[in-house]
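In: Pasting the sequence and the predicted model now:
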Amino acid sequence: MNQTIKRDRISVKCEDGVILKGVLLVPEAIRAVIQFNGGTALRKEYYLPFLDFLAGHGYLCCLWDYRGSGESAPSTLKGCDYTFSDYGVKDMPAIKQYLHSRFPDLPFLIVAHSVGGQQIGFMNDLSGIKGMVTFAVSTGYFGHMPWRFRLLSAYFFYLFTPLSIALTGYIAAKRFNYMENLPRNVVREWRSWCWKQDYFFHRKFMGKTVPEGTFQQYDFPVHAFWTTDDSIANKGSVPQYWKNVKSSKSITIQKVTPAQFKVRKIDHMGFFKKSFRNTIWKETVEKLDSFLSA
């Protein structure tokens with residue numbers, strides 16, 4: 001399906017006053033609304049080709065930056081005390097409320113990558129969701145990572161992060177092409193979760209430093225993609241995450257391999273490359289279509 005896609009800039013105010021910046025990809029004929037939650041410290045523009053594809057099939061897509069990242073960052077991150085769990089507790093609900101208020105009569109779906117699907121259960125209101133498709137959603141437990149990636153993570157969290165905080169007051173990762181810059185407490189909380197096999201579901205965090213949330217109360221179907229060459233969302237961490245989530249509808253987990261698509265790698269971020277336009281992207285549309293017809 002080919003449609004002209006209009007892009008509208010948006011600003012969404014969270015309950016605590018933080019302003020989130022984003023863009024709506026609006027097709028001529030809208031079938032449903034998609035809230036797209038991206039990964040940690042990734043430029044939202046990375047996802048534009050994928051969301052243009054979804055919009056071309058009639059899905060209005062909302063692409064946005066988490067607080068403290070991209071266009072939603074304050075003028076300086078020095079001293080900024082946003083936390084990682086703010087993404088799910090404060091930001092995702094604000095985007096959902098905005099979309100529901102602006103498009104109340106359209107079906108509502110979620111598509112999410114990594115942390116964007118991980119923290120859905122921190123949202124205080126999951127009503128009205130017709131279905132969710134996720135990519136590379138898992139725990140971030142160090143022990144499930146391959147040794148090489150574990151060492152890289154240890155370097156980032158335990159050497160680069162404290163040094164960067166000491167020198168700048170935040171995680172100045174962009175200048176080194178690691179990722180977008182991040183507030184200090186985002187990475188500190190992220191690091192603390194990664195030490196526990198159950199991640200933020202661990203008793204040290206759940207119901208204490210993070211809300212118990214709605215992870216056991218999903219009332220919509222979920223389809224979760226993961227790939228065998230992902231260093232983060234892998235055969236250990238994917239089931240470790242999803243065993244903590246319950247839905248009154250189905251939760252299907254689909255393993256894919258680079259070989260089945262005749263590519264060298266997919267890894268944690270490759271799902272959104274244009275080479276998957278006629279395979280994974282098309283399958284995503286079919287899955288979303290099935291949610292609407294259920």
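Out: The structure has been received and is ready for your questions. Residues are numbered from 1 along each chain as shown.
In: Could you pick out the longest helix of this structure?
Out: In the chain, with assignment by DSSP state H, the single longest helix is helix 280-293.
In: Which residue lies nearest the spatial centre of this protein?
Out: When CA atoms, centre = their mean is applied to the chain, the residue found nearest the centroid is Gly116 (1.7 Å).
In: For Lys78, see how far away that residue is.
Out: Going from Gly116 to Lys78 by CB to CB, to the nearest Å gives 26 Å. (Glycine included, C-beta is placed from N, CA and C.)
In: With Leu106 instead?
Out: Noted for Leu106: a distance of 41 Å to Lys78, by CB to CB.
In: neighbour count winner among those two?
Out: Leu106 (16 against 13; other CB atoms under 10 Å).
In: ok so that one is a strand residue?
Out: No - secondary structure assignment (DSSP: H, G, I helix; E, B strand; the rest coil) places Leu106 in coil, not in a strand.
In: got the contact list for it?
Out: Counting by CB atoms under 8 Å, 6 or more residues apart in numbering, Leu106 makes contact with Ile30, Arg31, Ala32, Val33, Leu60.
In: Which residue ranges of the stretch 101-250 of the chain form helices?
Out: Secondary structure of the stretch 101-250 of the chain by DSSP state H, counting those that start in this stretch: the helices cover 115-118, 147-155, 161-168, 184-194, 237-242.
In: Using CSV, list the CA coordinates for the last one.
Out: Listed next in CSV are the C-alpha coordinates belonging to helix 237-242 (Å, rounded to 0.1, in the frame of the first residue of the first chain):
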residue,chain,number,x,y,z
SER,A,237,17.6,-13.2,28.9
VAL,A,238,14.4,-13.4,26.7
PRO,A,239,12.6,-16.1,28.6
GLN,A,240,13.9,-14.6,31.8
TYR,A,241,12.0,-11.5,31.0
TRP,A,242,8.8,-12.9,29.6
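In: So for whichever helix or strand comes after it, what gets flagged as buried?
Out: The helix or strand immediately downstream of helix 237-242 is strand 251-256, counting by DSSP states H and E. For strand 251-256, the neighbour count (16 or more other CB atoms under 10 Å) marks Ile251, Val256 as buried.
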